[in-house]
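Q: A predicted structure for the sequence below; I have some questions about it.
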Amino acid sequence: MLCFMQAEIHHYHSTDTFILENGFQFPCFDLVYQTWGKANAAQDNIIWICHAFTGSHDVAEWWQGLVGPGKLFNPENNLIVCVNIPGSHYGSTGPLSVNPLTGQPYFHTFPDVTIRDVVNSFELLRKHLKIRKIKTCIGGSMGGQQALEWAIMKPELIDNLILVATNAVHSSWGIAFNESQRMSIEVDPTWTESNSQAGINGMKAARATALISYRNYETYQITQARQENSMGGNLRAVSYQRYQGEKLAKRFNAISYHKLTKLLDTHNIARGRFDTMEEALASIGQRTLIIGIHSDLLCPVSEQVHMNEHIPDCEYQEIESLYGHDGFLIENEEISVAIRNRFEFIS
């Protein structure tokens, strides 16, 4: 029986060939993941949390408002699992990993990975852990895309699905933001170099672009309001954008960042399966909760409303937030209330 009384980080190494949708074959594969809590004999208390774009397996750190003793997802009553996705910067196989066929890091030769590839890697780990059933799968933003994809790929595995600030297909609007970020990275003169610092300054500019989509006009007007006598580089919005770029550069890699923007672009649950998106959504049999954030520019509530209209056993709740898309990481109390209103068993 899986039992982890404290949040623990684990490393899963698979020696089986892992084949991506595009045909690329990893001769071996690594996933880093966090567990917290204890699975009961029936395995009806397992919560799998999918992380967002530059997040990690350390859900107890980045979603600490929802995860922990006495909180919504309580390890005293549940087993909580969160996996670092392939291509990311936090230990799972990614651009900085060593290619066993060459003995050198992948760097730019790391293949393009899709949301479906990510879910297939989760399947490897799930089978390794002998998890037969997931009571609740939840994700916000890109994490919600993973949860939704998994619900369709393995319809009997997940009982309850929680999708926060996400969509069923990545929009042209979102893809445009991603391409703008990639363009910022690609003009960095170091981008083509084969080292861990390639494109790092370009990534700082990319992050500043992304942040605009994560927030909105009202957010900046309030949190980065102009001082009456400020000029030029002293303006708060200027220093804030630069600070956010520097902050990410201290913890993330530009090649991973570039790859993950492309991963986001692949999201489309209907692709290759259904004639229409409505048919894809109608196939979802899990009891579902969708949470939208009214000020979200990146994944506007119209996307969540559309999903709610076509998923059979679904409820939609909308949260008021100043923080736009980033509200899914900030509005912990409101999200907790929305989830408890839908799923009475969560404690």
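A: Now that the structure is in, tell me what you want to look at.
Q: CA only for contacts and neighbour counts going forward, please
A: Fine.
Q: And stretch 235-243, what's buried?
A: 235, 236, 237, 241 (16 or more other Cα atoms under 10 Å).
Q: centre of the chain versus it, how much separation?
A: 26 Å (Cα atoms, centre = their mean, to the nearest Å).
Q: what does stretch 55-74 give?
A: Its chain's C-alpha centre and that of stretch 55-74 lie 14 Å apart, by Cα atoms, centre = their mean.
Q: Show residues contacting it.
A: When contacts are defined by Cα atoms under 8 Å, 6 or more residues apart in numbering, stretch 55-74 is touched by residues 7, 9, 32-34, 37, 47, 49, 51, 75-76, 80, 82-85, 88, 90, 329-330, 332-333, 336, 346-347.
Q: can you give me the end-to-end distance of that stretch?
A: Using Cα to Cα, to the nearest Å, the span of stretch 55-74 from its first residue to its last is 20 Å.
Q: Flag every buried residue along that stretch.
A: 55-60, 62-68, 71-74.
Q: can you tell me which of those are in helices?
A: Among the buried residues of stretch 55-74, the residues falling in helices (DSSP state H) are 59, 60, 62.
Q: Quickly name whichever of the residues you listed is closest to residue 249.
A: Checking those against residue 249 with Cα to Cα, the nearest one is residue 62 at 17.3 Å.
Q: picking that back up, so which of the buried residues of stretch 235-243 sit within helices?
A: Using DSSP H, the buried residues of stretch 235-243 in helices are 236, 237, 241.
Q: ok, which stretches of this protein are helices?
A: Using DSSP H, helices in the chain cover 59-62, 115-128, 142-153, 172-186, 200-214, 217-223, 236-249, 254-265, 277-282, 301-310, 327-330, 332-342.
Q: still on that earlier bit, is it possible to export the buried residues of stretch 235-243 to a markdown table including distance to residue 303 and pLDDT?
A: Converted to a markdown table, these look like this (distance: Cα to Cα, whole Å; pLDDT from 0 to 100):
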| residue | distance to residue 303 | pLDDT |
| --- | --- | --- |
| 235 | 35 | 89 |
| 236 | 32 | 91 |
| 237 | 29 | 93 |
| 241 | 28 | 96 |
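Q: Which residue lies closest in space to residue 185, excluding its sequence neighbours?
A: Spatial nearest neighbour of residue 185, excluding adjacent residues (Cα to Cα, 6 or more residues apart in numbering): residue 202 at 3.9 Å.
Q: How far does stretch 110-121 stretch from one end to the other?
A: Termini of stretch 110-121 sit 16 Å apart (Cα to Cα).
Q: and that stretch, average pLDDT?
A: Averaging pLDDT along stretch 110-121 gives 98.
Q: thinking again about what came up before, mind putting the ones in helices among the buried residues of stretch 55-74 into TSV with pLDDT and distance to residue 118?
A: Formatted as TSV, those follow (pLDDT from 0 to 100; distance: Cα to Cα, whole Å):
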residue	pLDDT	distance to residue 118
59	95	17
60	90	21
62	95	20
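Q: and those as CSV, adding distance to residue 181?
A: Output for those, formatted as CSV (distance: Cα to Cα, whole Å):
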residue, distance to residue 181
59, 26
60, 28
62, 23
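Q: Going by distance to residue 159, which of those wins?
A: Distances from residue 159 to those, taken by Cα to Cα, are shortest for residue 59, at 21.0 Å.
Q: Distance check, the residue nearest to residue 185 against residue 187.
A: 7 Å.
Q: and the spatially most central residue of the chain, what does it touch?
A: Closest to where the C-alpha atoms of the chain average out (Cα atoms, centre = their mean) is residue 52, at 1.9 Å. Residues in contact with residue 52 (Cα under 8 Å, 6+ apart) are 139, 140, 141, 142, 143, 144.
Q: What is the nearest of those residues to residue 192?
A: Among the contacts of residue 52, and counting by Cα to Cα, the member closest to residue 192 is residue 142, at 27.0 Å.
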